[in-house]
Structure formats: C-alpha cells, structure tokens
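K.L.:
The following block contains a protein sequence and its predicted model.
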Amino acid sequence: MKKIAVVGPIPRDTIKTHQNEIIKKYGCITHPSIALAKLMEDDGEVYPISHIHKADSEGISSLFANYSAIKTQGISSANDSGTVIFLDFVDQNNRHEKQTAFMSPILPEDVKAFLDVDAFVFVPISDFEVPLETLKFIKANSKAKIIFDAHGPTTCVTNEGDRLRRFWIEIKQWLPYIDILKMNLEESQCCWFKSEYGINEMEAYDDNRREHLDDFAEFVLNHKTKHLYITLDADGCVHYSLSKDKSIQKTFIKSMKMNDVIDTTGCGDSFAGGLAYGFAYYNDFKVAGQYANILGAFRTQGKTFEVFKDKNETDKVLNAYYNNP
C-alpha cells in the first residue's frame, strides 16, 4: 500500500472568480489531498500535514472525513496559526491576492512521524511555510521522493497583506534536497535572474518569455534535482531530466483542453498531486506528467471537490486523451 504526504497550508479562501462569483472554501493542500484520496481509495493512504487555526479544526475535519484514504494525524491546531487568503481574479488565470493570517512553518518535528511514506509533495504558497531544514531532515532520514512546488519560495507577503512575487535568490541551496521540482512559467522567471540589472530592466511577468527555460533547466539538473516540470498554462507542461550520457532530455506533455473553465484556484496544487501519484505508483516521468495535467484540468471544472474522479474514471479519461494502451 502506497503512502503520500501532502505538506502545506489549508487556507480559508475567499475567491472572486473572473465570472464575478464568490466562492468560500478551504484551499491549497485540500486539492491534491482529495484528488489523491479518490485515486488511492482502497489502495493507499494520504497524509495532509499542516498547521491550522483552532476555529477551522471542525470544518477541515468534516471535509476530510468524507475520504477514507485521508489520515489527518498530521494536521495540528496546537499553535492556532492557520492561513487566510482573499483572491480576486481579473481574468481566468491572473488575480490579486491578500493574506491576513500566516501558518506556522512546517518543521522537522512535524514530518518525523511520516518518514515511511513513498513521497512527500510540498505545496507551500508563501516563502516562510517550509524551511530548507525540513527538506534536509527528510533527505537524511527517509527514502521518500520529494516533490516541491516553487510557488512558495517565489511568493512573499508584505506587512499590508499583499502577496507578491519575489526572486528565489537562494534556489541553489535548495536543489540538492528536491527530487522533482514543479513551477509555472511566471515562477521560472523568478528563478532565473541576472547578477545585476539596470534600473530600467526590471520588469513584471512576460508570458511570451520562454527562451530562458533550457538554460534554467540545465542549471537545476546539474545541482542534483532529478526532474523539472514547468507548466505553460493551457499549452501543457515541459519536463526536463538528464539522460544516461548527462545530456538534457526535454519532453513536452500536452494539456487537456477544457471548454468551460469555472475556477482555476488549486490547479497548480492539483498538478503537484498528480506528479506525486505518478512517481509513487509508476515511477515514470511521462505518466506522472499526464496525471498532473489531468488533475489540473479536472480542478477547473467546478467549485467543489466533486470535480476529482476515482482511479477507474480518471484512467479512462487519461488513457483516451493520451492514447495510452
């Protein structure tokens, strides 16, 4: 029986969609935890690991009680420090973000009871939530694969509650402790930066800028991270790894096109969960990318967690779309 730990915040989210609807729900690791629980029902266990507010304990426990594969002993309200976020979407993918409460960091003591899992999937959303020491502790004491979402270390929170992009200046110190690194195109631009900029060179995200990806991937893979996935919104994702002769191997995995996008919140988190499933059960980078794309696509299709499907139904969709035998 496989075990996967999903590590990060469970924010109390208030979301204004691009269609001007208001959605209130628990977010972040709830998406990959529930997606995995449906895939792993009767065949595995999912361990969410998070700090939450005492006021949210009952609601979160009630939510996860519907899924037999989810085991909640890694969720703690002892510090009474959870996450509260407000998201205002200006279009399908872009949003303004405010944060008014901050989860205590996940420390080695929080993960030490789960070192026998097959994979840890970290989905932090801010740079303080998962310290490097926690990844070092897992590497030294567990054989689990570490899947890490770069959304956390490329996001900071100001003292006015604004959630903003930051350069991941210290990425080189993290890479030896990450097996599978996942990020989107915007985050990749926060990870590949010049040694110095002219005052007029500093710019915001440019969704047309992709020329840096191959050089960035080479840097990542030469610092001991084994797999790099970069999502390209509706275009799919690109995977990088080193071949046996140490050359860069690049593979594009197409996305699943969805006609009606209702809510994109949690797509990246769901994608990370799909990677964890693919590596834990198949140890295959392409299969992992396919599951990741499918779970991300499912996430867009509604406001509730009913968008995720069981193993049989998910595999039917996946195999038909990717023409897998």
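P.N.:
Good, I have the coordinates.
K.L.:
all contacts plus neighbour counts: C-alpha atoms, from now on.
P.N.:
Noted.
K.L.:
Please, which helix or strand holds residue 15?
P.N.:
Element membership for residue 15 (DSSP states H and E) is strand 12-16.
K.L.:
partner strands of that strand, parallel or antiparallel?
P.N.:
Sheet pairing here is set by DSSP bridges, and for strand 12-16 it gives strand 22-26 (antiparallel), strand 84-89 (parallel).
K.L.:
Quick one: mean pLDDT over the first one.
P.N.:
By that I understand strand 22-26. Mean pLDDT, strand 22-26: 90.
K.L.:
And the next helix or strand past it?
P.N.:
Counting by DSSP H and E, the next helix or strand C-terminal to strand 22-26 is helix 30-39.
K.L.:
Name the surrounding residues that touch that following helix.
P.N.:
Applying CA atoms under 8 Å, 6 or more residues apart in numbering, the external contacts of helix 30-39 come out as 6, 10, 44-48, 64, 67-70, 266, 269-274, 277, 295, 299, 305, 308-311, 314.
K.L.:
before we move on, the earlier item: could you dump the strands paired with strand 12-16 into a markdown table and include mean neighbour count and distance to residue 216?
P.N.:
Shown next, in a markdown table, are these (neighbours: other CA atoms under 10 Å; distance: least, CA to CA, whole Å):
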| stretch | mean neighbour count | distance to residue 216 |
| --- | --- | --- |
| strand 22-26 | 15 | 34 |
| strand 84-89 | 20 | 29 |
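K.L.:
Mind listing what's buried along stretch 306-320?
P.N.:
Going by neighbour count (16 or more other CA atoms under 10 Å), the buried part of stretch 306-320 is 308-309, 311, 314-315, 318.
K.L.:
which residues sit against it?
P.N.:
If you take CA under 8 Å, 6+ apart as the criterion, stretch 306-320 is touched by 34-35, 38-41, 290-291, 294-295, 298-301, 324-325.
K.L.:
got it, and stretch 235-254?
P.N.:
Against stretch 235-254 from outside (CA under 8 Å, 6+ apart): 217-218, 221, 226-232, 255-256, 285-286, 289-290, 293.
K.L.:
Give me the buried entries from these.
P.N.:
Buried members of the contacts of stretch 235-254, counted by 16+ other CA under 10 Å: 217-218, 221, 226-232, 255-256, 285-286, 289-290, 293.
K.L.:
What's the per-residue pLDDT of the closest residue to residue 21 other than its chain neighbours here?
P.N.:
Distances taken as CA to CA, 6 or more residues apart in numbering place residue 15 nearest to residue 21, at 7.9 Å, with adjacent residues excluded. What the model reports for residue 15 is a pLDDT of 87.
K.L.:
how about the helices in the stretch 201-325 of the chain?
P.N.:
Secondary structure of the stretch 201-325 of the chain by DSSP state H, counting those that start in this stretch: the helices cover 213-221, 267-281, 285-299, 311-322.
K.L.:
how much does the last one deviate in direction from helix 30-39?
P.N.:
The one in question is helix 311-322. 100 degrees (axes from the mean of the first three to the mean of the last three CA atoms, to 10 degrees).
K.L.:
Run through the strands of the stretch 51-200 of the chain in chain order.
P.N.:
For the stretch 51-200 of the chain, the strands defined by DSSP state E, counting those that start in this stretch occupy 75-76, 84-89, 95-101, 119-122, 145-149, 155-157, 163-165, 180-184.
K.L.:
just to revisit the earlier point, tell me which of the helices of the stretch 201-325 of the chain sits nearest to residue 113.
P.N.:
Minimum separation from residue 113 across the helices of the stretch 201-325 of the chain (CA to CA) falls at helix 267-281, 18.8 Å.
K.L.:
residues in contact with that closest one?
P.N.:
Under CA under 8 Å, 6+ apart, the answer for helix 267-281 is 2, 4, 6, 28-29, 31-33, 35-36, 118-121, 123, 147-149, 182, 284-285, 287-297, 299-300.
K.L.:
7 Å instead?
P.N.:
Contact partners of helix 267-281, identified using CA atoms under 7 Å, 6 or more residues apart in numbering, comprise 28-29, 31-32, 36, 118-119, 121, 123, 147, 149, 284-285, 287-289, 291-293, 295-296, 299-300.
K.L.:
Alpha carbons of it, in PDB - could you do that?
P.N.:
Taking Å, rounded to 0.1, in the frame of the first residue of the first chain, the C-alpha atoms of helix 267-281 are listed here in PDB:
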ATOM      1  CA  CYS A 267      -4.900  23.800 -10.400                       C
ATOM      2  CA  GLY A 268      -1.200  24.000  -9.700                       C
ATOM      3  CA  ASP A 269      -1.700  22.300  -6.300                       C
ATOM      4  CA  SER A 270      -3.600  19.500  -8.100                       C
ATOM      5  CA  PHE A 271      -0.900  19.200 -10.700                       C
ATOM      6  CA  ALA A 272       1.700  18.600  -8.000                       C
ATOM      7  CA  GLY A 273      -0.600  15.900  -6.500                       C
ATOM      8  CA  GLY A 274      -0.700  14.200  -9.900                       C
ATOM      9  CA  LEU A 275       3.100  14.200 -10.000                       C
ATOM     10  CA  ALA A 276       3.300  12.500  -6.600                       C
ATOM     11  CA  TYR A 277       0.800   9.900  -7.800                       C
ATOM     12  CA  GLY A 278       2.700   9.100 -11.000                       C
ATOM     13  CA  PHE A 279       6.000   8.800  -9.300                       C
ATOM     14  CA  ALA A 280       4.800   6.800  -6.300                       C
ATOM     15  CA  TYR A 281       2.800   4.300  -8.300                       C
END
